[in-house]
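Trainee: Here's a sequence, model it:
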Amino acid sequence: MSFSVTPSILSFSYLVATVLFIFSLHWMNDPKTARRAVMAGTLAMTIAVLSTWGQEIVVHHLWIVIAIIAGFVVGVPLSMVPMTAVPQRTALSHAFGGIAAGLVGTAKYYLWLSEGAEHLTRFRMVAILIEIILGYLTFTGSLLAAGKLQEVKWIPQRPVTYVGQNIVNLGLLLAAVAIGVFLVFFPAADVAPKLFSVIIVLALIFGVLLIIPIGGADMPTVIAILNAYAGLSAVAMGFVLDNKLLITAGALDGSSGLILSIIMCKAMNRSFTNVLFGAFGQVQQAKEEGEEQVYKPETIEGAGHVLEQSQLVVIVPGYGMAVAQAQHKVRELYDHLTKLGISVKFAIHPVAGRMPGHMNVLLAEAEIPYDDLVEMEDINADMPQCDVALVVGANDVVNPAARYDETSPIYGMPIIAADKARTVFAIKRSKNPGFAGIDNELYFSDRTWMLFGDAKHVLGELVKQLSGGSGMH
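Mentor: Model (predicted):
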């Protein structure tokens, strides 16, 4: 390269990039400034890469160019996935971050080992070990999470549990830590390189075993936790490389992921340990006592007539809307109802879908006014005055059993009070249970009527019914 970045320019560039990263995270709080946030983050990363690349110590420019080209080849197609695939794309991003940290830590260990044991100080070894353990477990864990989200056939969607599972997982982690402690004190021992490889293998296996007991209902929290792991591995990588910007960026990533995980757990009234080891999402056997519950189907015409006579309609979106890519049909229905003078609100549950903010992202893509998206805590007070609650592919987040059934896996989870509405129309693909593996009692309520079918098709038929109706209100 024809220019050289001096230490003072590098420090200033890193400071500017750090500020931009912080503002980028702050601007993500509001959809109105989200585009600005993306631009700020992109600019910060560009400054970070170019200023680092421009240092005199960087001499192998061809390899950097090849890596950048490879990144574009993979990144551009990933950026063009449909909005419904954003959760798995996010998981893949975490996987890339994890493997990058793991590979850098691995390379640094063997490089310093070849240069002399004096380079492998205890501080450096602790940083390297944290980096590779978090990096590699994030890699395999994120890949498995992406596979579950993509519903890959050979990856079970439901939690996989077995007797002594937590003991096995804890044993693997303790084994990796024990070997790591040995390497901290004896980094250049004859057996050290082999033991280092053993830690890598244990971390890769641990990442898989950590995710297989996770059900779909916990996936938003798991995505956030993996985000935190990736950030923390980047912090460790920053210490290994003595790169202050990497430490700062990783800390922002890790802390935001941790905070988001806490928000997700609070939304489900569950702890971290319960999410990681509770196997939320196993199919439960139906209760034998009592009469068999029966769904009450409704016609499009009947549902359209009730909607036309409403004053307030609350739409509750869920993963079924995402699968059917029905967000634009939801927008059409929203437009028709508002033209009739009907107030329409969207009830957003924090863990609806398969990633944090999944429903907000989909509805924003359909250009639903953000003011009409109401958080669970705020909308529940209005549900008794709601004429129609239209549940679009949501399940566990509207299940009344969460309030009183202590045997239910979702007991204690705050829910959207759709059952308080005067009438409930539930659009559902099939009679299968939701992610938690239990029937939804809302669907058998006297106030609930079912509209079975693909959400996009059903909503399209409702729009046609309203368009061809009399328009009376």
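Trainee: CA only for contacts and neighbour counts going forward, please
Mentor: Fine.
Trainee: Ramachandran angles for Ile342?
Mentor: Main-chain dihedrals, Ile342, degrees, to the nearest 10: phi -90, psi 130.
Trainee: same question, the one 10 residues further on
Mentor: Ala352 adopts backbone torsions of phi -70, psi 140, taken as degrees, to the nearest 10.
Trainee: Tell me how many other residues crowd the residue lying closest to it once chain neighbours are set aside.
Mentor: Nearest residue to Ala352 in three dimensions, chain neighbours excluded: Gly318, at 5.4 Å (Cα to Cα, 6 or more residues apart in numbering). Residues lying near Gly318 (other Cα atoms under 10 Å) number 25.
Trainee: my guess is Gly318 meets Asn395, correct?
Mentor: Yes - applying Cα atoms under 8 Å, one finds Gly318 in contact with Asn395, separated by 7.2 Å.
Trainee: Enumerate every residue touching the residue nearest to Ala352.
Mentor: Ala352, Gly353, Met359, Val391, Val392, Gly393, Ala394, Asn395 (Cα atoms under 8 Å, 6 or more residues apart in numbering).
Trainee: Go again with 10 Å.
Mentor: 347-349, 351-354, 358-359, 391-398 (Cα atoms under 10 Å, 6 or more residues apart in numbering).
Trainee: Now do the shared contacts for Gly318 and Asn395.
Mentor: What both Gly318 and Asn395 touch, as defined by Cα under 10 Å, 6+ apart, is the set Ala352.
Trainee: In the helix or strand where Gly304 lies, which residues are buried?
Mentor: Taking DSSP states H and E as the criterion, Gly304 maps to helix 300-308. Residues Ile300, Ala303, Gly304, His305, Leu307, Glu308 are the ones in helix 300-308 that count as buried (16 or more other Cα atoms under 10 Å).
Trainee: Ok, stretch 307-322 next?
Mentor: 307-308, 310-322.
Trainee: Just give me how far it sits from the chain centre.
Mentor: Here stretch 307-322 is found 24 Å from its chain centre; the criterion is Cα atoms, centre = their mean, to the nearest Å.
Trainee: can you check stretch 150-166 too?
Mentor: For stretch 150-166, the distance to the chain centre is 18 Å (Cα atoms, centre = their mean).
Trainee: circling back to that earlier point, what's the helix holding Gly304 packed up against?
Mentor: helix 327-339, strand 388-392, strand 423-428, strand 448-452, helix 455-468 (3 or more Cα pairs under 10 Å, 6 or more residues apart in numbering; DSSP states H and E).
Trainee: what does it contact?
Mentor: 299, 313, 336-337, 340-342, 387-390, 423-425, 449-451, 458-459, 461-467, 469-473.
Trainee: before we move on, back to that, which single one of the buried residues of stretch 307-322 is nearest to Val168?
Mentor: Ranked by distance to Val168 (Cα to Cα), the buried residues of stretch 307-322 are led by Tyr319 at 32.6 Å.
Trainee: Is the nearest residue to the closest one once chain neighbours are set aside in a helix, a strand, or coil?
Mentor: Nearest residue to Tyr319, sequence neighbours excluded (Cα to Cα, 6+ apart): Gly353, at 4.4 Å. At Gly353, secondary structure determined by DSSP: H, G, I helix; E, B strand; the rest coil is coil.
Trainee: Then Ala44?
Mentor: Following three-state DSSP, we place Ala44 in the helix state.
Trainee: Now for it: which residues touch it?
Mentor: When contacts are counted by Cα under 10 Å, 6+ apart, Ala44 is found next to Ser13, Tyr14, Leu15, Val16, Ala17, Thr18, Val19, Leu20, Phe21, Ile22, Ser24, Val38.
Trainee: Check Ala366 too.
Mentor: Ala326, Gln327, His328, Lys329, Val330, Arg331, Glu332, Asn360.
Trainee: from those, which two are the most distant?
Mentor: Spatially, the most separated pair among these is Glu332 and Asn360, at 16.8 Å (Cα to Cα).
Trainee: Which helix or strand contains Ile262?
Mentor: In this assignment (DSSP H and E), Ile262 forms part of helix 244-268.
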